[in-house]
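Participant: show me the folded form of this:
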Amino acid sequence: MPVLPDIDDLSLAAQAAQMVVVRTTGHLFDHEIQYPDWEADRASLSYALESLGIGGVILLGGSAAEVGLRSQQLQSQSDIPLLIAADIEEGVGQRFSGATWFPPPMALGEIAGTDITGADVTGADATRAIALAEAFGEATAQEALAIGLNWILAPVVDVNNNPENPVINVRAFGESPALVAALAEGFIRGSQRHPVLTTAKHFPGHGDTALDSHVALPTLNHSLNRLKAIELPPFQRAIAAGVDAVMTAHVNLPAVDQTHPATLSAAILTGLLRRDLGFDGLIVTDALIMGAIADRYGPYEAAILAIEAGADILLMPADPAGTIAAVIEAVTIGRLSRQRVRASVERIWRAKLKVAAAYNPVSHHPHAWEQIQPAPVNLNHLAQPQVRQWASDILSASQQLRGTISDSPQQACLPARNLIVVDDLLDCQFLGRTAPAIAHPRERGYSLHIADSRTLPPKDTPLESLSTLMQVFIRGNPFRSVTPLTQLAEAWLQWLIQSNTLQGLVIYGSPYVRDRFLPQISDTLPFGFTYGQMPEAQAILLANLFTDRTSSETKRDRIFTD
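Facilitator: Numbering: from 1, shown residues only. A predicted model of the protein is given here:
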């Protein structure tokens, strides 16, 4: 049975290894790895677990059932219990099929509206949004534990006040500090009903950027006073609520540190986060393999700078063995102290004891190391009716509808086109033969036409002039700018308007695309918007769009009638 040894019984190499978290696939076999540059295969992962003794793993991809087995395998390979993490900002089903996939956090901000200002919560909308945020957190924690995950890399507490933000976008709860703080606090409170770790990210704020830190290093040209007024309040509320970890942002903040980005800045991590905000939990870097850091500093210098700055967890270093060796060398030459490494391992130990506490009640004194057992996997706790209802409630309350498309037998017999615009059809999780966006119109006689980012915009010579329902799937995505896809969708929209064949418009994902497209269409054109892109979101919206009703009720009308 795995144990937590006394830290002082560990070698320096073993202590340094506990600070390293590597990424691998949730699938069971190497040939299913989707991102070989980022994900360890079976051999390299076994070496990292059994020979290096790394402290944790982050998983992506696979079914929830696979991950349940995978997590058990990983824990059995490690002499010390692992932290097993996942980026599940939209629930466990976002990454692992079969579990519940919630809409992105900004859907909750839409429900709350403007009824949260400062510390005040006014109105039924905000009260309902906070209650749903709490349910969202509870469900995410429950389903994470059900498949062996014990570290939720959520909530995002960035304030997305830049519509051009390519990487945060709808991952944030909203555009105001008070709104983000209240909903993040609700999510954390719900998660705390289960023994999992939560993570506020990305410190000190990634919301007002127009660059994707996966590929480049953004700069926040804000004063410290502006930072304290906008970016920091949600982190302060998350810390007060007991968040377990804070993830760094790969951003420059010259007002605080003119030399290093936040992930590598002692002024930001030790000064601002630890000293000024009083946070004593885990500080985890964002992925060190991301271009914003790796391209400028390399894997080893970045790791040492991050530890010097105050980080406890080195997430996804490109070379785990080399990173551990670099830490050992830094201690040997006096650049890092043994005590600095030990302090991080103490925090890691506290975190590991917390996630084991519900299954093995032991003393929480940081030196009372006891025999502990990983949480049992229980797939029966996945996709429970109540949890799926919470996800459905958020989708229903945050969607917007205007007008309807006739669903009469006569109308269904008329020729019509279902035009779907999507980023990459070959790598699309939410479209398939049975997806409602395809199946629902097909049942009504619509022919299917799909345009993705590889498709040329429409030319002067039209396709056959069919009445067209246009469905657009656009939201911020790491590594890919949404600009080309938005321009393609806009070209199609203008062509349909000019040819007088646009029957209705549906947008899945980004409210910023919604706000850009709405002024271009008639006030009487049937229109739908939902933050979700998953099949459940498609089904809920299209079931309301295709009706015989003539009501033009809006989202806010629907909130109290669902």
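
Participant: contacting residues around stretch 431-439?
Facilitator: By Cβ atoms under 8 Å, 6 or more residues apart in numbering, the residues outside stretch 431-439 that reach it are 418, 420, 422, 425, 448, 450, 471, 473, 506, 508, 535, 538-539, 542. Every C-beta, even on glycine, is put in place using the N, C-alpha and C of the backbone.

Participant: how many neighbours does the residue nearest to Thr209 when sequence neighbours are not counted have?
Facilitator: Once flanking residues are discounted, Thr209 sits nearest to Pro218: 3.8 Å by Cβ to Cβ, 6 or more residues apart in numbering. Using other Cβ atoms under 10 Å, Pro218 has 22 other residues around it.

Participant: thinking Pro218 is in contact with Ala292, fair?
Facilitator: Yes - judged on Cβ atoms under 8 Å, Pro218 makes contact with Ala292 at a distance of 7.4 Å.

Participant: find the centremost residue of the protein, please.
Facilitator: The residue lying closest to the centre of the chain (Cα atoms, centre = their mean) is Glu89, at 3.5 Å.

Participant: which residue, neighbours along the chain excluded, lies closest to it?
Facilitator: Excluding the flanking residues, the one nearest Glu89 by Cβ to Cβ, 6+ apart is Ala154, at 4.4 Å.

Participant: the one you found contacts Val92, correct?
Facilitator: No - the pair Ala154 / Val92 is not scored as a contact, 10.6 Å apart, by Cβ under 8 Å.

Participant: so for these two, which residues contact both of them?
Facilitator: Common neighbours of Ala154 and Val92, using Cβ under 8 Å, 6+ apart, are Thr140.

Participant: give me every residue that touches the residue nearest to Glu175 when sequence neighbours are not counted.
Facilitator: In this structure, Glu175 finds its nearest non-sequential neighbour in Asn161, 5.0 Å apart by Cβ to Cβ, 6+ apart. Applying Cβ under 8 Å, 6+ apart to Asn161 gives the contacts 175-176, 207-208, 230.

Participant: backbone phi and psi for Ala397, please?
Facilitator: With angles defined as degrees, to the nearest 10, Ala397 sits at phi -70, psi -20.

Participant: burial count for it?
Facilitator: Counted by other Cβ under 10 Å, the residues lying close to Ala397 total 22.

Participant: I'd assumed Val92 was in contact with Leu149.
Facilitator: Yes - counting by Cβ under 8 Å, Leu149 does reach Val92; the two are 7.4 Å apart.

Participant: what do those two both touch?
Facilitator: Common neighbours of Leu149 and Val92 are listed as Ala86 (criterion: Cβ under 8 Å, 6+ apart).

Participant: please identify which of the two sits among more neighbours.
Facilitator: Set Leu149 next to Val92 and count neighbours by other Cβ under 10 Å: Leu149 wins out with 33 against 30.

Participant: my read is that one is in a helix, agree?
Facilitator: No - judged by DSSP: H, G, I helix; E, B strand; the rest coil, Leu149 forms no part of a helix; its state is coil.

Participant: okay, it: pLDDT?
Facilitator: On pLDDT, Leu149 comes in at 96.

Participant: list the contacts for the residue nearest to Arg402 when sequence neighbours are not counted?
Facilitator: Nearest non-adjacent residue to Arg402, counting by Cβ to Cβ, 6+ apart: Phe527, 4.4 Å away. Contacts were defined as Cβ under 8 Å, 6+ apart; by that measure Phe527 touches 400-403, 504-506, 518, 521.

Participant: beta partners of Phe527?
Facilitator: Arg402, Leu505 (DSSP bridges).
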